[in-house]
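Participant: pasting a predicted model and its sequence here:
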Amino acid sequence: MPSVVITGCSSGFGLETAKLFLERGWKVIATMRNPKADILPASDNLVVLRLDVTDPASIASAMEQAGEIDVLVNNAGFGAAVPVELIKPETARQLFETNTLGTLATLQAVLPKFRERRAGVIVNVTSTVTLKPLPLVSVYRASKAAVNALTESLAVEMEPFGVRVHIVLPGRSPETQFGENAMPHLRGLDNPDYKPLIEGMIANFREDSGPVTHAGDVAEAVWRAATDANAPLRIPAGADAVQWMAEAA
């Protein structure tokens, strides 16, 4: 039975991806900063573990408990929408420590075994905000763009060892907690210059008309990366993501 470790499974894309892999007969090691086993269907093939990507000890413990795996899905992360002028240094550091360095840390925990076995798949979930400039998400975008660059070079490094590496790029999803999680970091509503821009962004987060990305789209894109040996390096997830990638080509 193939096995997958998925980070950030407490909600959104990670939760839906864990459900899909379970439904399709995989052993799923679903990891979360604060484990909640009851949010996933009961299954003998499910293991729920604590993993905080900013905590090396928790990464090491989770990977040891997971044992030999076939696929690593780096999904854990968070967003913050703040003008560059106003973002707090601690928020900027947290974005890179979680989204970029956290991804690097989990990669380093599994790559030696994948390389030695000459097998394995890495799937890094980033964002379509990396495809074109957008206001208010500059530092978040930079943290995810760094993961794109890391992944592209990693794919070249791992190719001689038979390890596949992919990027899944979701679009805007009203179903996730991105907007909710970003709100505590929001600054600038009291600034007359930035207020209209920020209010427009908040309205856009809550808008569910037009092409958007559903959590199921991301799960299917991750599934393709994990199971299709001919999958491309970059895989868009969601109708809007497909559109954005075509425009960026």
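Facilitator: Received, thanks.
Participant: quick check: phi and psi at the residue nearest to residue 50 when sequence neighbours are not counted.
Facilitator: The spatially closest residue to residue 50, leaving aside those adjacent along the chain, is residue 35, at 5.2 Å (C-beta to C-beta, 6 or more residues apart in numbering). Yep, even glycine has a C-beta here, placed from its N, CA and C like the rest. For residue 35, the backbone dihedrals (degrees, to the nearest 10) come out as phi -60, psi 140.
Participant: can you get me a residue count around residue 35?
Facilitator: Neighbour count for residue 35, taken as other C-beta atoms under 10 Å: 15.
Participant: for residue 244, same thing?
Facilitator: Residue 244 has 21 nearby residues by other C-beta under 10 Å.
Participant: quick check: it touching residue 236?
Facilitator: Yes: between residue 244 and residue 236 there is a contact under C-beta atoms under 8 Å: 7.2 Å.
Participant: and for these two, which residues touch both?
Facilitator: Listed as contacting both residue 244 and residue 236 by C-beta atoms under 8 Å, 6 or more residues apart in numbering are 128, 171.
Participant: show me the contacts for residue 235.
Facilitator: Counting by C-beta under 8 Å, 6+ apart, the residues that residue 235 touches are 166-169, 221, 224-225.
Participant: ok, 10 Å please
Facilitator: 123, 125, 166-170, 218, 220-222, 224-225, 228, 241-242, 245 (C-beta atoms under 10 Å, 6 or more residues apart in numbering).
Participant: quick one: the residue at minimal distance from the centre of the chain and residue 28, what's the gap?
Facilitator: Centroid check for the chain by C-alpha atoms, centre = their mean gives residue 75 as the closest residue, at 2.8 Å. Separation of residue 75 from residue 28 (C-beta to C-beta, to the nearest Å): 13 Å.
Participant: quick check: neighbours shared by these two?
Facilitator: 6, 9, 17-18.
Participant: go through those and flag which are in strands.
Facilitator: Among the shared contacts of residue 75 and residue 28, DSSP state E puts residue 6 in strands.
Participant: of all the shared contacts of residue 75 and residue 28, which two lie farthest apart?
Facilitator: 9 and 17 (7.6 Å; C-beta to C-beta).
Participant: list residues touching both of those two?
Facilitator: Common neighbours of residue 9 and residue 17 (C-beta under 10 Å, 6+ apart) are 28, 30, 73, 75.
Participant: I'd like the next helix or strand past the helix or strand of the chain with the lowest mean pLDDT.
Facilitator: Ranked by mean pLDDT, DSSP states H and E, the weakest helix or strand in the chain is helix 178-182, scoring a mean of 57. Following helix 178-182 in sequence order, the next helix or strand is helix 195-206 (DSSP states H and E).
Participant: how much space separates the residue in the chain sticking out farthest from the centre from residue 119?
Facilitator: Distance from the centre of the chain peaks at residue 192, with 33.7 Å (C-alpha atoms, centre = their mean). Between residue 192 and residue 119 the computed distance is 57 Å (C-beta to C-beta).
Participant: and residue 237, by the same measure?
Facilitator: 25 Å.
Participant: and these two? Which one has more around it.
Facilitator: residue 237 (29 against 13).
Participant: next one: phi and psi at that one?
Facilitator: phi -130, psi 110.
Participant: what residues are up against the residue nearest to it when sequence neighbours are not counted?
Facilitator: Leaving out its chain neighbours, the residue that sits closest to residue 237 by C-beta to C-beta, 6+ apart is residue 221, at 3.7 Å. Contact analysis of residue 221 by C-beta under 10 Å, 6+ apart lists 13, 17, 123, 125, 166-170, 213, 231, 235-238, 241.
Participant: with residue 137 instead?
Facilitator: Counting by C-beta under 10 Å, 6+ apart, residue 137 has contacts 79-82, 95, 127, 129-130, 143-144, 178, 182, 201.
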